[in-house]
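Trainee: Sharing a sequence plus its predicted fold:
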Amino acid sequence: MPLNHNLQKLFEIAKKDERLAIGLMSGTSLDGLDIALCRIKGSGMQTRITLVNLTTIAYPEAFKNEVTQVFAKQQADMEKLCLLNAHIGSYHAELIVQALKDWNIAPSEVDFIASHGQTVYHAPARQHKYKGYGNATLQIGDADHIAVTTGILTISDFRQKHIAAGGEGAPLALYGDVLLGSRQGEPRILLNIGGIANLTWLPGDQHLSKVLCTDVGPGNTLIDAACKKYFNKPFDAGGEIAFAGVANEKLLAALSSNPFFTQDLPKTTGPEVFNLHYVEQAQQTSDTLDIDIKDLLATLTVLTGKIIVDFIKANFGNEDIKLFVSGGGASNRFIMEYLKRELPGISVTDTSGMGINPDAKEAILFALLGNEALVGQPLNVGNNPAVLMGKFSFAG
Ligand SMILES: Nc1ncnc2c1ncn2[C@@H]1O[C@H](COP(=O)(O)OP(=O)(O)OP(=O)(O)O)[C@@H](O)[C@H]1O
Ligand SMILES: CC(=O)N[C@H]1[C@@H]2OC[C@@H](O2)[C@@H](O)[C@@H]1O[C@H](C)C(=O)O
């Protein structure tokens, strides 16, 4: 019996020497959609990927406000959640169609889209309160809408397989980091400072069993929340407000005492834990509710730097390592200067120092994961599940 047209096309795409793919990332900062157009050759450790084009479409305030109603909330309007699942899928599709027009690329030239979706809740078992339930995470923005509207095969919902195979559904960065970032004789740390900060340790002997990838703690999420509340700004551009304040040591100590920081590795978290409620509680226990708001911003920014520095010193020492930073936090001069100052033996640059655009890294990761879903083999890395992730949505 002949294969139907969807499977026929799938096989044709899988047999190609080179694929044109779109990777999509909409992260926990809710700032916008990263669309990375990539050319990919091969698979696994032989993957060669070139970023052809990148655009970040900032979300309009009205859209952010809608998503915020369900984002990281223990209680939310189920109708709104249901509507947003379809709405985000179609909205992302429209943004892709527009980006392709701008780039003068016909949708028929693109082999596949790999979509992360929008995380609305992340609930590793260590973090939620429901006995008898395991790890769980929820990304919405259904990919059937993307596939049908763009006419392009779409691979999505990567995190569920990771959980089904024993992981926490995140971080997935290591799968891309080992493929693109590992170098013989050069121990590296690839740090992404998005809403949450996560890192991948790539040992210089390139033993995949020694690779570690874990969330470290809040990246920009507390800084953004405080900026919004106290300064009516979405984020602290360049870390300017933090530079104008002085970190409060008592508050810093209270914030640093969250149990997440001493839990076993690898571990994951999100704004479900690291939010303004957590900051206010720490202010209460440390009797710092009345500190200057610039000092509060400085404290939250130092916290982001300090948990990264403490983690690196405790787990990898302080010498002969190259640290490459990506994500929006790489544009926060206060954080970058803090890392350089507090890790004197380590070379700290953003990931452009290793040939990867720091704003594109996560969207590229999903393009890579989509490529692996099509033509890869499960990879044993650290104690992470060796699985191929992602679900297929056909256009017709
Ligand atoms: N010029 C800048 N100065 C300071 N901070 C910045 C700047 N540009 C971006 N950021 C910070 O980076 C954040 C966005 O980072 P990014 O897009 O990497 O996060 P994300 O992908 O949404 O999060 P995650 O990776 O945790 O899912 C912004 O919300 C802001 O806090
Ligand atoms: C559940 C979820 O969306 N987690 C994100 C978030 O943003 C950063 C950090 O927390 C990381 O664990 C993950 O994203 C990246 C892309 C990852 O999986 O590697």
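Mentor: Sure, I can see it. Ligands and ions are numbered 1, 2, ... in the order given.

Trainee: Find the closest residue to ligand 2 in the stretch 1-150 of the chain.
Mentor: Among the residues of the stretch 1-150 of the chain, Thr119 lies nearest to ligand 2; the distance is 3.5 Å by CB to the nearest ligand atom. In this view, the C-beta of every residue, glycine as well, is placed from N, C-alpha and C.

Trainee: Helix or strand: which one has that residue?
Mentor: Thr119 is part of strand 112-123, with elements assigned from DSSP states H and E.

Trainee: how about stretch 198-205 against ligand 2, any contact?
Mentor: Yes. Stretch 198-205 is in contact with ligand 2 by CB under 6 Å from any ligand atom, via Asn198.

Trainee: make that stretch 267-287, sorry
Mentor: Yes. Interface with ligand 2: stretch 267-287 contributes 268, 270 (CB under 6 Å from any ligand atom).

Trainee: quick one: the closest residue to Phe235 other than its chain neighbours and ligand 1, what's the gap?
Mentor: Spatial nearest neighbour of Phe235, chain neighbours left out: Asp224 (5.1 Å); criterion: CB to CB, 6 or more residues apart in numbering. Asp224 is 5 Å from ligand 1, where distance means CB to the nearest ligand atom, to the nearest Å.

Trainee: Under a three-state scheme, what state does the closest residue to the residue of the stretch 1-150 of the chain closest to ligand 2 other than its chain neighbours occupy?
Mentor: Leaving aside its sequence neighbours, Thr119 sits nearest to Gln139 (CB to CB, 6+ apart; 5.2 Å). Secondary structure state of Gln139, per DSSP: H, G, I helix; E, B strand; the rest coil, is strand.

Trainee: The strand holding Thr119: how far from the chain's middle?
Mentor: 10 Å (CA atoms, centre = their mean, to the nearest Å).

Trainee: next one: stretch 91-109
Mentor: Here stretch 91-109 is found 23 Å from its chain centre; the criterion is CA atoms, centre = their mean.

Trainee: now the helices: where do they sit in this structure?
Mentor: 5-15, 61-68, 78-103, 143-150, 159-164, 173-181, 221-226, 240-244, 249-255, 276-285, 293-316, 333-342, 361-375 (DSSP state H).

Trainee: quick one, which of those helices is nearest to Gly195?
Mentor: Proximity to Gly195 (CB to CB) singles out helix 221-226 among the helices of the chain, at 4.2 Å.
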